[in-house]
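Q: Have a look; sequence and predicted model below, questions after that.
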Amino acid sequence: MIRYIWTLCVFMFCGTVLYAGSPLKDPMIPDHEHVQYTIRSADKVSTLILNVEHGTIRGHQSYSISTISDSQNMSLEILRDGLLPLKNVRLQKDGRSDFLTTSEIGAIPVLYDDEILIVDFNDLSHVLRGYPFDHPRTLGIVFPYQVRDEKRKMSFMIKYVKSETINLQGGSYNSYKLQLAAQLSGGLSVFSGMIPKTYFWYSQEAPHTLLRYEGGTGPGGDEEIIMEMVHYRIDG
């Protein structure tokens, strides 16, 4: 049985426009990109398949991204200009029943130049391919339902760690390492040490393919995984 949830997120701002863009740049992902990953957890090894195709959404050029794994299938529409995720459809397969959620942004938002907007944490590994690796800096993560400049007890950010060479099944790769970090304030600050470390490694060469992921299955997720690229090709 599949349970359906439809969420329509309308993200609009009133008042002075401070910045009408995104710090993320189009990494020029090739059409028909196909990437295979191995996922290792404490008790099993599985596979994730990623495919990227060029498309259009609401009259704008976009990337249509799909992923298939044992635990979930996901399709994602991302604007190439600013790597803004407009629509996310996710089928979760490892719960008591299959669970389908659809989230869609109803209006293109205005962002500060140090903000990344995501609808779902599953969007993050895809939009970070456009991180400003040539001028690295810390970027805050915002969601469509957040009020601008709202003070929150928990906030998330992306930090640049370093460049390094990593060894994978397919060989050695020069990479950039990023970290997803959380900042807690008020009474929640005592739990700061309990948040698992989460890291992303991207190829230094465009289109900045995700090479390795290490962390939880999402904020608050119990299971820690390591995901590594094992095969890359361009079809067609």
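A: Nice, I can see it. Residues are numbered from 1 along each chain as shown.

Q: CA atoms for contacts and neighbours, from now on please.
A: Fine.

Q: show me what contacts the residue nearest to T198 when sequence neighbours are not counted?
A: Among residues not flanking T198 along the chain, G215 sits closest, at 4.2 Å (Cα to Cα, 6 or more residues apart in numbering). Contacts for G215 were tallied using Cα atoms under 8 Å, 6 or more residues apart in numbering; they are 196-199, 224-226.

Q: So for the helix or strand harbouring N51, mean pLDDT?
A: Element membership of N51 [criterion: DSSP states H and E] is strand 45-57. What strand 45-57 shows for mean pLDDT is 96.

Q: Now V127: phi and psi?
A: Here is the backbone geometry of V127 (degrees, to the nearest 10): phi -70, psi -20.

Q: So in that sheet, which strands flank the strand holding N51, and in what orientation?
A: Strand 45-57 sits in its sheet next to strand 33-40 (antiparallel), strand 60-68 (antiparallel), going by DSSP bridges.

Q: Just send those back as a markdown table, with mean neighbour count and distance to D134 too.
A: Output for those, formatted as a markdown table (neighbours: other Cα atoms under 10 Å; distance: least, Cα to Cα, whole Å):
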| stretch | mean neighbour count | distance to D134 |
| --- | --- | --- |
| strand 33-40 | 19 | 24 |
| strand 60-68 | 19 | 22 |
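
Q: would CSV of those strands with distance to S163 and mean pLDDT be doable?
A: Formatted as CSV, these follow (distance: least, Cα to Cα, whole Å; pLDDT from 0 to 100):
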stretch, distance to S163, mean pLDDT
strand 33-40, 21, 97
strand 60-68, 26, 97
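
Q: Spatially nearest residue to L79, not counting backbone neighbours?
A: Of all residues not flanking L79 in the chain, S62 sits nearest, at 4.3 Å (Cα to Cα, 6+ apart).

Q: Repeat that for I141.
A: I116 (4.9 Å).

Q: need the contact list for that neighbour.
A: Neighbouring residues of I116 by Cα under 8 Å, 6+ apart: 22-24, 139-142.

Q: Return the closest of the residues you listed with respect to L100.
A: Of all those, V142 has the smallest distance to L100: 23.0 Å, by Cα to Cα.

Q: Just give the closest residue to that closest one, not the sequence neighbours.
A: Leaving out its chain neighbours, the residue that sits closest to V142 by Cα to Cα, 6+ apart is L117, at 4.9 Å.

Q: The residue nearest to T198 in helix, strand or coil?
A: Secondary structure assignment for G215 (DSSP: H, G, I helix; E, B strand; the rest coil): strand.

Q: before we move on, the earlier item: how much distance is there from the strand holding N51 to the middle of the chain?
A: Taking Cα atoms, centre = their mean, to the nearest Å, one finds strand 45-57 lying 13 Å from the centre of the chain it belongs to.

Q: please begin residue numbering at 886 from this point
A: That works, and once the first residue is 886, the last one we named lands at strand 930-942.

Q: List of residues touching that strand?
A: Residues from elsewhere that reach strand 930-942 (Cα under 8 Å, 6+ apart): 914-925, 946-955, 962, 964.

Q: what pairs with the strand or helix carrying I963, and is each one parallel or antiparallel?
A: When elements are assigned from DSSP H and E, I963 belongs to strand 957-964. Sheet pairing here is set by DSSP bridges, and for strand 957-964 it gives strand 945-953 (antiparallel), strand 970-977 (antiparallel).
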